[in-house]
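Engineer: Dropping a prediction and its sequence here:
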Amino acid sequence: MNSPGDSAKKRRKQFSLQEKVDLLRELDSGKKQIDLCRERGIAPSTVATIWKDREKILKLHRESQLAPTRKRLRLGNFQDVDQAVLTWFKDARLQNIPVSGPMLQEKAREFADALEVTGFDASAGWLFRFRQRNGITWQVVSGEE
């Protein structure tokens, strides 16, 4: 006799932003939801939820607000600060300016003050999550030692 604890639990499948966009493109091309479910081994409710959130998913992908490898679509609590820091970071990288974690934190504090954001703390935790949200890795820029 099998007890409820003996049965194997089915793990939830989390899709990255890119995988969700690919799935939506397949649906747009005329593929049936049930066929996608069978191919990928996922529940119809998963496909239905992705379809329901398609506008949000496509907007985030189109505007490159999230790294394509992100699985959760939540944005940070301080989106204005994050966007300003990300823009500054991209500009600095284009100019081959080496950027460190403390530099990002300092810029974040400056932008938070300029935008009059209250309750913002550019902590190590914020930096870690900011890097995760935006797919930022520390790499050596050419000319940097």
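Structural biologist: Thanks, I have it. Numbers count the residues shown, from 1 in each chain.
Engineer: Quick check: can you list the domain ranges of the chain?
Structural biologist: Using automatic domain parsing, the domains assigned to the chain come out as 17-62, 79-134.
Engineer: Same list (the ones you listed) but as JSON lines, adding distance to R11 and mean neighbour count.
Structural biologist: Where you see a C-beta, it was placed from the backbone N, CA and C, and this is true even at glycine. JSON lines is the format used below for the domains of the chain (distance: least, C-beta to C-beta, whole Å; neighbours: other C-beta atoms under 10 Å):
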{"stretch": "domain 17-62", "distance to R11": "11", "mean neighbour count": "14"}
{"stretch": "domain 79-134", "distance to R11": "22", "mean neighbour count": "15"}
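Engineer: Could you dump these into JSON lines and include mean pLDDT?
Structural biologist: Formatted as JSON lines, the domains of the chain follow (pLDDT from 0 to 100):
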{"stretch": "domain 17-62", "mean pLDDT": "90"}
{"stretch": "domain 79-134", "mean pLDDT": "90"}
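Engineer: Residues touching stretch 37-44, excluding its own?
Structural biologist: Contact partners of stretch 37-44, identified using C-beta atoms under 8 Å, 6 or more residues apart in numbering, comprise K13, L23, Q33, I34, L36, T46, V47.
Engineer: secondary structure class for the first one?
Structural biologist: Three-state call for K13 (DSSP: H, G, I helix; E, B strand; the rest coil): coil.
Engineer: Not counting its neighbours along the chain, what's nearest it?
Structural biologist: I42 (5.5 Å; C-beta to C-beta, 6 or more residues apart in numbering).
Engineer: now do the second one
Structural biologist: Leaving aside its sequence neighbours, L23 sits nearest to I50 (C-beta to C-beta, 6+ apart; 5.8 Å).
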